[in-house]
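> after the sequence you'll find the predicted model.
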Amino acid sequence: MVSSRTQFLAVLDEQTRRDVRRSARRRRYERHERLFHEGDPSDGMHLVDLGWIAIRSSTPAGDVATLAIIGPGEPVGEQSLIATGATRSATAFALTAVESLYLGRDAFDDLRARHPSVDRFLATLLEDRLRRVSERLTEALYVPAPERVLRRLLDAAESLGDRPVPLTQLDLASLAGTTRPTVNRILRSAEHAGAIVLHRGDIEVVDRVLLGRLARTRRT
């Protein structure tokens, strides 16, 4: 059964949601397992039901950049539903154990033929992605690096609940559009203030209210 957190399905009527559930295949991935690699054939979309996924891509310099963190209720690879013969533009990497509902291109086309409202579902996915890209672009242009770093950390912490945030400093640097040394300095300052505790491979947020205050008031 699809989790209630899969909020994008809310735009569909109940009968169509049932057909989506029947058409989708549940897939499970262990922590650090890849859902797909950059350059793989792009043949379907995942709706994340449980767990967290990092979207990573190779840069022209040969580095690996983390582009986004995807959590429960969010889509991964929705572009494949509209682009025939395309390949994956990035790698999807399981930060935690993950369960997803996989909707293949053929199954999606069949749903579109039987349920015109499925087009609204796809439009909602693409509109949300465009909105997020616009928000991040505005942040990159007008928000100082310390705020960007702490906002990305706070976003993840609020979604994960009491669990440590499974991001490295390099992940945060990619997400915030800055450098790892800058992230290290910002996180050490937040740790000194009592908002977080740094561990190898993850970050424990011990005072979310304080972290939110730092994210709003820190300046370079």
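That came in fine, so what should we check first? Residues are numbered from 1 along each chain as shown.

> now do the longest helix along the chain, average pLDDT.
For the chain, the helix that runs over the most residues, judged by DSSP state H, is helix 118-142. Computed over helix 118-142, the mean pLDDT rounds to 82.

> for that helix, list every residue counted as buried.
Using 16 or more other Cβ atoms under 10 Å as the test for burial, helix 118-142 gives 118, 121-122, 124-125, 136, 139. Every C-beta, even on glycine, is put in place using the N, C-alpha and C of the backbone.

> with distance to residue 149 added, can I get these in TSV?
As requested, these are exported to TSV (distance: Cβ to Cβ, whole Å):
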residue	distance to residue 149
118	38
121	34
122	33
124	29
125	28
136	13
139	11
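
> which residues touch stretch 150-169?
52, 54, 66, 69, 71-72, 95-96, 139, 143, 172, 175-176, 180, 183-184, 186-187, 190, 196, 199, 201-205, 208, 211-212, 214-215, 218 (Cβ atoms under 8 Å, 6 or more residues apart in numbering).

> which residues does the spatially most central residue of the chain contact?
Nearest residue to the geometric centre of the chain (Cα atoms, centre = their mean): residue 70, 1.8 Å. By Cβ under 8 Å, 6+ apart, the contact list for residue 70 reads 48, 52-55, 76, 92.

> in TSV: the residues you listed, plus neighbour count.
Formatted as TSV, these follow (neighbours: other Cβ atoms under 10 Å):
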residue	neighbour count
48	24
52	24
53	24
54	22
55	22
76	22
92	25
